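1. My questions concern the predicted model and sequence given below.
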Amino acid sequence: MILSLQIPHAFQGFLGAENTPTLCYSIPAFAAFIKMWKDLAFQCPEWEDIIQPGLDKLEDYQERLTDVYILAMGEFL
């Protein structure tokens, strides 16, 4: 279980970087995080009931982030 908690911890640390603008890295980071958790759920089916609600929320956030990214990039066109 410790290994599974390292994934969201690293994700949060990556997106929470204060020195570098991270919006451009957010969409690929969400995709990578979702893939890692899906892989973990496949490898450890006993954790799937715990992981799936998190995946559902991540996919919702990813959809919202994509909309925000499109709006932000539109400001510079």
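-> Done, it's in. Numbers count the residues shown, from 1 in each chain.
2. Nearest residue to the middle of this structure?
-> Taking Cα atoms, centre = their mean as the criterion, Phe30 is the residue nearest the geometric centre of the chain, at 2.9 Å.
3. Can you report how many residues lie near Tyr61?
-> For Tyr61, the count of nearby residues is 13 (other Cβ atoms under 10 Å). In short, each C-beta sits where N, CA and C put it, glycine included.
4. Run through the residues that contact the closest residue in space to it that isn't next to it in sequence.
-> Excluding its sequence neighbours, the residue lying closest to Tyr61 (Cβ to Cβ, 6 or more residues apart in numbering) is Phe30, at 7.0 Å. Contacts for Phe30 (Cβ atoms under 8 Å, 6 or more residues apart in numbering) come out as Leu58, Tyr61, Gln62, Leu65.
5. need the longest helix for the protein.
-> helix 48-74 (DSSP state H).
6. residues of that one that come out buried?
-> Within helix 48-74, the residues that qualify as buried are Ile51, Gly54, Leu55, Leu58, Gln62, Leu65, counting by 16 or more other Cβ atoms under 10 Å.
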